[in-house]
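Novice: task: produce atomic coordinates for the following.
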Amino acid sequence: MVPTIRQLGLAAGLALGLSLGPVRAEEVDLELILAVDISGSMEFDEALTQRRGYVEALRHPEVVRAIQSGLLGKIALTVVEWAGPGIQFIAVPWTVVEDQESAESVAVALSGMPLFQYRGTSISSSLLFTSALFQDNGFEGTRRVIDISGDGPNNMGVSVVYVRDMVLAEGIVINGLPIMINPSGMGLSMLGLDVYYEDCVIGGPGSFIIPVDSADQFAEAIRRKLVLEIAAAPAPPADAELIPVQTRVPRIDCFIGERMRGIP
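Specialist: The predicted model follows:
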């Protein structure tokens, strides 16, 4: 039997002290996880610019307006920083964001976190970890979205395609922010990191990427991405016909990161 996301993410959930029993959930328009790359391939200045980009975007009135335009006018948000297998940190725990004050509190919490960098790029491990955070988190959203940034392909851990498809099967949407300022691990490819994210990482109804090509684009790209994610149309009803995701043949080798590390 193929294990479910809940089973694979159980250890992560227990380590965080998440309850497996019934919880009185607070209704929100969206449950959103910002999964931020802190791998060593990110130069420190680049990582710092990325952090500032998220902080500025969270503070922007346009993002707050998007949140308040929802049916309930509030979302649940958490920020996770990740690198190789077993290296995932909750930078900001689940928080309700519904106005400028609550958005500012998340921005302040994130800006006050120390900035570390770690070895490895395991998109698959980060997706396993973050998808488990939706379980019994105290919130019930119309949509659940993982927004993942990264400057290179998966090069450690389980196959990213395998994990992606498991996450999508849980009804979770994955969006991407490929960082292409100094992309790592793509030297053997004729295509770019944006194509890798499109074909190997993201998926689900309305999923999309916004590439970042220069440092001065970070804040704007993140802001645009948050607005699009928050203002997206609700997911189809549970009895709607399900269309298989990622049905096209990938234009890029989804194991390029592993192959460049010498993993067959």
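Novice: residue ranges with poor pLDDT in the stretch 51-200 of the chain?
Specialist: 183-191 (pLDDT under 70).
Novice: can you map out the strands along it?
Specialist: 75-82, 88-97, 139-150, 173-178 (DSSP state E, counting those that start in this stretch).
Novice: could you dump those into a markdown table with mean neighbour count and distance to Arg259 added?
Specialist: C-beta: built from backbone N, CA, C; applies to glycine. A markdown table is the format used below for those (neighbours: other Cβ atoms under 10 Å; distance: least, Cβ to Cβ, whole Å):
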| stretch | mean neighbour count | distance to Arg259 |
| --- | --- | --- |
| strand 75-82 | 25 | 22 |
| strand 88-97 | 18 | 24 |
| strand 139-150 | 23 | 17 |
| strand 173-178 | 26 | 19 |
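Novice: take these and lay them out in JSON lines including distance to Gly206.
Specialist: Below are the strands of the stretch 51-200 of the chain laid out as JSON lines (distance: least, Cβ to Cβ, whole Å):
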{"stretch": "strand 75-82", "distance to Gly206": "16"}
{"stretch": "strand 88-97", "distance to Gly206": "20"}
{"stretch": "strand 139-150", "distance to Gly206": "9"}
{"stretch": "strand 173-178", "distance to Gly206": "7"}
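Novice: other SSEs contacting the helix or strand containing Gln50?
Specialist: In the assignment (DSSP states H and E), Gln50 maps to helix 44-59. Packing partners of helix 44-59 (3 or more Cβ pairs under 8 Å, 6 or more residues apart in numbering; DSSP states H and E): strand 26-37, helix 100-111, helix 218-230.
Novice: let's go with 6 Å and repeat that
Specialist: helix 100-111, helix 218-230 (3 or more Cβ pairs under 6 Å, 6 or more residues apart in numbering; DSSP states H and E).
Novice: and stretch 65-74, what's buried?
Specialist: Ala66, Ile67, Gln68, Gly70, Lys74 (16 or more other Cβ atoms under 10 Å).
Novice: just give me the neighbour total for the closest residue to the last one other than its chain neighbours.
Specialist: Spelled out, that is Lys74. Of all residues not flanking Lys74 in the chain, Glu98 sits nearest, at 3.6 Å (Cβ to Cβ, 6 or more residues apart in numbering). For Glu98, the count of nearby residues is 18 (other Cβ atoms under 10 Å).
Novice: hmm, back to that, for Val158, which of the helices and strands packed on helix 44-59 is the nearest?
Specialist: Nearest to Val158 among the helices and strands packed on helix 44-59 is helix 218-230 (25.3 Å), distances taken as Cβ to Cβ.
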